[in-house]
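Novice: what follows is a predicted protein model with its sequence.
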Amino acid sequence: MSDETTQIKESLDFTSFKNQILHDFKLACESREASLLGRKEVLTGKAKFGIFGDGKELAQIALSKQFLDGDFRSGYYRDQTIMLAIEELTIEQYFSGLYAHSDVDIEPQSAGRQMGGHYATRNLDEQGNWKDLMKQKNSSADISPTAGQMPRLVGLAQASKIYRSNKKLSETEKAKKFTNHGNEVAFGTIGDASTSEGPFWEAINAAGVMQIPLVMSVWDDGYGISVPREYQTTKNSISDALAGMQRTESKTGYEIFVTRGWDYPHLCETYDKAVRLAREEHVPVLIHVKEVNQPQGHSTSGSHERYKSPERLQWEKDFDCIEKFKDWILGFNANGHIISTKEELESIHAEAKKTVKDAKSTAWKQFTNDITIDLKEACELIKKAAESSEQKVFILKELEKLEKAFEPIRKDIFTSARSVLRMLAQENSTDKENLANWIKIKLENCNQRYSSHLYSESTENALSVKHQPPLYGDDEELDDGRIILKENFKKCLEKIPELLIFGEDAGKIGGVNQTLEGLQEKFGEHRVFDTGIRECTIVGQGIGMAMRGLRPIAEIQYLDYLLYAIQVLSDDLATVQYRTKGGQKAPLIVSTRGHRLEGIWHSGSPMGVIVNALRGMRICVPRNMTKAAGFYNTLLQSDEPALVIEPLNGYRTKERVPVNMGEFNEPLGIPEIVKEGKDITLVSYGSTFNLCEIAEKSLTTLGISVELIDVQTLIPFDINHLISKSLEKTNRLFIVDEDVSSGATGYILDKIMVEQNAFFHMDSPPVTLSSKDHRPAYGSDGDYFSKPNVDDIIERIYEVMSETDPLRFPKLY
Ligand SMILES: Cc1ncc(C[n+]2csc(CCOP(=O)(O)OP(=O)(O)O)c2C)c(N)n1
Ligand SMILES: [Mg+2]
């Protein structure tokens, strides 16, 4: 190359370098201005709450340079700069989120369902089908609980490992939407204080053990709200505390990097190295970003002057990452090449300020326009209603209040319209009818706006799966329940290449009850595998992998230990569809086993906790293993997250062996009337249902005809109101389960009496029979006296009949 060509090349290289730096500077300024203006919007009452990413801009710009299509983020509320940099958030959308705009096209992160600062990409199309995630940069939907993003992060990173280790799978057409042979990185972000949480440690350990491509950034600004780092972290440093995880020549582990939040070149260099290592070699990395600042304090809920020293407040100014970036740019001089001048930087900053202000105004206009339409319509209808009403004076007063309201929101409109309708309660007019209809239609519309997508609304939702009953051959073949499950899983693993089954003892020995016996040998360690004892991240693995196109079944060894995972199930999995308004899904099946066996922590049945904490998931409570297998088969054809609770004492019980393993399924929300009867409807599920079947026989000999119903799934619950129809005939209801009193029986009773309106069919008060409120005592006697037993069921039902007809059924006691 001639000297002249070299010079031209150098200057071209420098121009693109310089443009990149100025682009980064502009982005940092825009993000900062958005934080500053965001705070004002909250303090002036336009938005309710604000939590912003100021001070974290440079580190996030450095990270985003390494963020490729197909990669995933699992982070928290400070990450606005990442989202802006990867172009999955505009400043307009940022403000729309702050105002809680409920139109998903305008606020695509959560359609206003989550507070500002909670980010997500649209990973599904409008029908709920997967988009090509390799053509976009992905962010799993944030949640507010600190460190709640960590379990899911493990699964997002593990998916790359699964795809890389299973070449056949990663080359399927389906997989190409999710992976390029496992080269994708999962970026985790967390605040310094949130590293104190259990899920952080569990996730870090799990990723280190599994060697998965996770890039964990800790934004260390020294505080968790007001509590300083020395109260949070051993050695006052997360990288020091985790130093034992550093890999060595002979032992795998983490690569740990330490950098500073205001040091642009070092940040860029660090992320370049760290992400390459994770992507190419699947080594998990931790990047401890120290000296991150927090110019405005924690959130709009208070000011940091209350807890920061004057020195620290001064440090926030002196080490403001944008000021430091400016100094670096102005001090840069490579062979006479300079990046920019003070004036140019100031002008970029001023331009950024204007861009943000304009974007905010547009977002506010969009937000208010939407409401103005409803406001105008309501005022018009109220005015008309006033004209023809005797209550005119009062109605006009309400109208005036609404018309004069300062920046009214939907709540103001509805409060006025509904109070006017109540004023018209005693009148009959077309205007009243018009107002009532308008309210009804708009309420329905708001139901969609604020309450849709708790469950899947795609064509793959669990209720749309076509029912195929189990078929049986002529030879009445019987086998252990566990064998039925195992044979069914075998067929499913053959049929569905994305299916993975994992958990404690699930791999090598095939589960503590041998329901997966021999399946690891047959299908390999990347399909059926063991995990550490860590329920919360077992579920997290499942969530993350389900978000990347795999079909995980995560095993929780016993139902009692589901409580370790209840937070991640409730806060994360159960809300994925809802909190993104159908923008994301995680069709994870959690498999566990429970109800009666032995002792306090192997007999639990906390079904009330579960049905109440896990709305958004399907809850299946099969009474035997054929039913359980049927539910797995239904769920594997659907795109919904679910929990299947196998009855723990049924693995060695003989069941008929279906001939269509892997094909038959069990519909959700359809109770089974196992035996028809006319005196009383006996409702139960799971293990206690089997006791009810025994009790029913004795009751028949006592002259009581029982209609025996297995509810089969608690969510959804009896969608066709079969139980209410049964009560039309029997007029008496008896519910049995082995939760505490008023637990799941309270839920069932409410569903039947209130939702199904069965109250009017009743001749006797409904009766519930559950376990004692204490935990179940150990041993068979402990079980007999702690849980409902066959004698209890028979006698309590006899008592109901005795109260109805004491002559026919004289008192026993
Ligand atoms: C489980 C849980 N506990 C408490 C909170 C309330 N909270 C929100 S943010 C926060 C501090 C987090 O500090 P840090 O992790 O350092 O992040 P930073 O805000 O400093 O970036 C707390 C306690 C929460 N959201 N979740
Ligand atoms: Mg902090």
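Specialist: Thanks, I have it. Ligands and ions are numbered 1, 2, ... in the order given.

Novice: what is the neighbour count of L277?
Specialist: 18 (other C-beta atoms under 10 Å). Where C-beta positions appear, they are placed from N, C-alpha and C, glycine not excepted.

Novice: no no, I382
Specialist: Counted with other C-beta under 10 Å, the neighbours of I382 add up to 25.

Novice: tell me the helix or strand right after the one helix or strand it maps to.
Specialist: For I382, the enclosing helix or strand under DSSP states H and E is helix 342-387. Using DSSP H and E, the helix or strand that follows helix 342-387 in sequence is helix 392-404.

Novice: if I look at the residue of the chain at minimum distance from ligand 1, how far off is Y271?
Specialist: With C-beta to the nearest ligand atom as the measure, G191 is the residue of the chain nearest to ligand 1, at 2.0 Å. According to C-beta to C-beta, to the nearest Å, G191 stands 18 Å off from Y271.

Novice: P228 too?
Specialist: Counting by C-beta to C-beta - P228 and Y271 are separated by 27 Å.

Novice: quick one, which of those two is more surrounded?
Specialist: Neighbours were tallied for P228 and for Y271 using other C-beta under 10 Å; the higher tally belongs to Y271 (27 against 16).

Novice: residues contacting the residue lying closest to the more buried one once chain neighbours are set aside?
Specialist: The spatially closest residue to Y271, leaving aside those adjacent along the chain, is A62, at 4.6 Å (C-beta to C-beta, 6 or more residues apart in numbering). Listed by C-beta atoms under 8 Å, 6 or more residues apart in numbering, the contact partners of A62 are Y264, L267, C268, T270, Y271.

Novice: and A62, helix, strand or coil?
Specialist: Following DSSP: H, G, I helix; E, B strand; the rest coil, we place A62 in the helix state.

Novice: mind checking pLDDT for it?
Specialist: Looking at A62, its pLDDT stands at 98.

Novice: N660 belongs to a strand?
Specialist: No. Counting by three-state DSSP, N660 falls outside a strand, being coil.

Novice: tell me, how many residues neighbour it?
Specialist: 15.

Novice: and the pLDDT at it?
Specialist: 97.

Novice: also T5?
Specialist: If you check T5, the pLDDT there is 72.

Novice: begin at 831 from now on, thanks
Specialist: New numbering, starting at 831: the last item is T835.

Novice: look up phi and psi at it.
Specialist: Torsion angles at T835 (phi, psi; degrees, to the nearest 10) stand at phi -60, psi -40.

Novice: what about whichever residue of the stretch 831-980 of the chain sits closest to ligand 2, which helix or strand?
Specialist: The stretch 831-980 of the chain approaches ligand 2 most closely through R908 (8.4 Å), counting by C-beta to the ion. Under DSSP H and E, no helix or strand contains R908.

Novice: contacts only, for it.
Specialist: R908 makes contact with I881, F882, G883, K886, G947, T1019, G1021, W1049, according to C-beta under 8 Å, 6+ apart.

Novice: make it 6 Å
Specialist: Contacts for R908 (C-beta atoms under 6 Å, 6 or more residues apart in numbering) come out as G883, K886, W1049.

Novice: ok, now how distant is it from G942?
Specialist: 20 Å.

Novice: and what of A950?
Specialist: Distance from A950 to G942, by C-beta to C-beta: 12 Å.

Novice: so where is the stretch 1331-1480 of the chain shaky, pLDDT-wise?
Specialist: Within the stretch 1331-1480 of the chain, no stretch falls below the threshold (pLDDT under 70).

Novice: look through it and state the residue closest to ligand 2.
Specialist: D1401 (20.2 Å).

Novice: shouldn't that residue be in contact with T976?
Specialist: No. Using C-beta atoms under 6 Å, D1401 is not in contact with T976, being 10.9 Å away.

Novice: list the buried residues of the strand or helix carrying R1252.
Specialist: Using DSSP H and E, R1252 sits within helix 1240-1253. Buried residues in helix 1240-1253, defined by neighbour count with 16 or more other C-beta atoms under 10 Å: R1240, D1242, I1243, F1244, T1245, S1246, A1247, V1250, L1251, M1253.

Novice: also stretch 1057-1069?
Specialist: Result for stretch 1057-1069 [16+ other C-beta under 10 Å]: buried residues P1058, R1059, Q1062, T1063, S1067, I1068, S1069.

Novice: and the pLDDT at the residue of the stretch 831-980 of the chain closest to ligand 2?
Specialist: 98.

Novice: element containing the closest residue in space to it that isn't next to it in sequence?
Specialist: Nearest non-adjacent residue to R908, counting by C-beta to C-beta, 6+ apart: G883, 4.4 Å away. Using DSSP H and E, G883 falls within no helix or strand.

Novice: perfect, that will be all.
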